[in-house]
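>>> Would you be able to build a 3D model of this:
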Amino acid sequence: MIIFLTGGSGFVGKRFITETLRLGHFIYATTRKNKKNKKNLIWLKGGFDKNWNRYLKKSDVLVHMAAAGVNKKNVSFNEAIRVNLLMSCKLLMNAINSNCLKWIIIGTASEYGKSSISKKALSINTQELPETNYELSKFYFTQLCLMLSKKYKAKCRIMRLFNVYGEGENKKRLWSSLRIAAKSNKNFKMTSGYQIKDFINVKDVAKAILDSTNFKKRNNSFPQIWHVASGKPKTVRSFAQYYWKKYNAKGEIFFGKIRKNDNKNYISDHKSIW
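Residues are numbered from 1 along each chain as shown. Coordinates of the predicted model:
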């Protein structure tokens, strides 16, 4: 299989490339920096909205991961719309013109916005109530993907990732910073941790996304929206305590208050897990 990939330099993208190459598939991946090619991996320098038709025509599947504001929650409205909507729209139109009509679009559970404040499980039928610039731009793009998929008869899967953690993530994120503190025998300060989240390891996420590129599976109708989640929600507090104990930490965890706008619960409806 030949995959055209955006966002291959990111946390999930790197793991996806590792898994994809391990199974012998071929990847064309866009990048903004100079990178060395390797067996079955060709880096294409330039924005993902560039005219890559030459490579899209050769590709079996488009996997679009690139986005602005995934971790940087204060991304400006203009930047979020430029990257997550306008550039991404141009990418899809290039794919359509190249007859690359199998799409895996990576989103996140944060598109549900205010709906995730409730401790009810989120399903693909839950109303999206996006708040931040990132959430709004990704929500608009999802609606565009669904519309274009129907209009051009493209097989489109929107894969909404829940709380991904694991090797390679930003050191400032919960799991990484907790592990660093535990292995350094230091104390660890965090929020109260009473939010409920569906944590899933990046290794499992990469496997799920690659599996979703097999359009012979679950192909009854398109477009589709799927949750990529473990199906085992737990509080942030219990997640932290589990790994603190696993790493035999000598220090203590000090729980504080929930930060502003950090009161959301991402619980996946088991029926919609990929």
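
>>> quick one: the strands in the stretch 151-274 of the chain?
Chain-ordered strands for the stretch 151-274 of the chain, with DSSP state E, counting those that start in this stretch as the definition, fall at 155-161, 163-165, 188-190, 196-197, 199-201, 224-228, 234-235, 253-255.

>>> which stretch among those comes nearest residue 3?
Shortest distance between residue 3 and the strands of the stretch 151-274 of the chain, using C-beta to C-beta, is found for strand 155-161: 13.5 Å. Glycine gets a C-beta too; all of them are placed from N, C-alpha and C.

>>> so which strand or helix has residue 88?
Mapping residue 88 onto the secondary structure by DSSP states H and E places it in helix 88-97.

>>> mind listing what the closest residue to residue 133 other than its chain neighbours touches?
The shortest distance from residue 133 to any non-neighbouring residue, by C-beta to C-beta, 6 or more residues apart in numbering, is to residue 80 (4.1 Å). For residue 80, the residues meeting the contact criterion (C-beta atoms under 8 Å, 6 or more residues apart in numbering) are 68-69, 133-134, 136-137.

>>> Now with 10 Å, please.
Taking C-beta atoms under 10 Å, 6 or more residues apart in numbering, we find residue 80 in contact with 67-69, 72, 132-138, 140-141.

>>> swap in residue 245?
Counting by C-beta under 10 Å, 6+ apart, residue 245 makes contact with residue 182.

>>> Next one: it from residue 253, what distance?
Distance, residue 245 to residue 253, by C-beta to C-beta, to the nearest Å: 10 Å.

>>> next one: residue 180
Distance from residue 180 to residue 253, counting by C-beta to C-beta: 13 Å.

>>> tally of neighbours for residue 110?
Residue 110 is flanked by 24 other residues according to other C-beta atoms under 10 Å.

>>> The residue lying closest to it once chain neighbours are set aside: what secondary structure?
Leaving aside its sequence neighbours, residue 110 sits nearest to residue 135 (C-beta to C-beta, 6+ apart; 5.3 Å). Secondary structure assignment for residue 135 (DSSP: H, G, I helix; E, B strand; the rest coil): helix.

>>> Might one say that residue 273 is in contact with residue 205?
No - counting by C-beta atoms under 10 Å, residue 273 does not reach residue 205; the two are 11.8 Å apart.

>>> which residues does the closest residue to residue 187 other than its chain neighbours contact?
Leaving aside its chain neighbours, residue 187 sits nearest to residue 251 (4.1 Å; criterion: C-beta to C-beta, 6+ apart). Under the criterion of C-beta under 10 Å, 6+ apart, the contact partners of residue 251 comprise 181-182, 184-188, 244.

>>> Brilliant, that's me finished.
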